[in-house]
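Engineer: I'll drop the sequence and a predicted model, then ask my questions.
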Amino acid sequence: MSFMNSINIIGSGLTAQQLRLDIVSENVTNSQTTRVENGEGAYRRKMVVFEAVSGRDSFRAALAKAANGLIPNTVTSPTGGGVRVTQIVEDESPMKIAYDPTHPDADEDGYLEMPNVDMVKEIADAMAATRAFASNVTAFNTLKSVISSGLEIGR
């Protein structure tokens, strides 16, 4: 049942890209937020960090197993892979400064610290996440078609 590994890999991609879109949405929503809950200034842009999960042996390890006459068993040694989110980090780029002496969060000179959210970056990131999500859906539909065709052989 190695197709289950493929489904797990595709699912990990869908989950990761959905979280990426959630973070982009949070950034866009807070693009004008000048005060956060803990009172430490303006909202700081967040980014998602992905990590590849190979789940497979290296070529050297596979060759050593083959040389010892061991045949990989997908039940005892699954070969799953995919991607996972390791952390959500804050963007350390400098905050934007705006002059607005009437704003309640402005300093004594009338300057206001604004979030470091760049809408162009956010739109590009959202587009990339959407494309990656759509690619995973296409891969899933292709796998579903292959499985369905395999089941038709027995008829």
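Structural biologist: On my side now, so go ahead.
Engineer: for this structure, what helix or strand is lowest in average pLDDT?
Structural biologist: Here the helix or strand of the chain ranked lowest by mean pLDDT, DSSP states H and E is helix 59-67, holding a mean of 68.
Engineer: quick check: next helix or strand after that helix?
Structural biologist: The first helix or strand that comes after helix 59-67 along the chain, using DSSP states H and E, is strand 82-90.
Engineer: distance from the chain centre to that next one, please.
Structural biologist: 6 Å (Cα atoms, centre = their mean, to the nearest Å).
Engineer: which neighbouring elements make contact with the helix or strand following that strand?
Structural biologist: Sequence-wise, the next helix or strand downstream of strand 82-90 (DSSP H and E) is strand 96-99. Packing partners of strand 96-99 (3 or more Cβ pairs under 8 Å, 6 or more residues apart in numbering; DSSP states H and E): strand 111-114. Bear in mind the C-beta positions are built from the backbone N, C-alpha and C, glycine included.
Engineer: so for the strand it packs on, what's the average pLDDT?
Structural biologist: The average pLDDT for strand 111-114 rounds to 94.
Engineer: go on, stretch 4-17?
Structural biologist: Mean predicted confidence for stretch 4-17 is 90.
Engineer: what distance separates that stretch from the centre of its chain?
Structural biologist: 12 Å.
Engineer: list the buried residues of that stretch.
Structural biologist: 5-10, 12-17 (16 or more other Cβ atoms under 10 Å).
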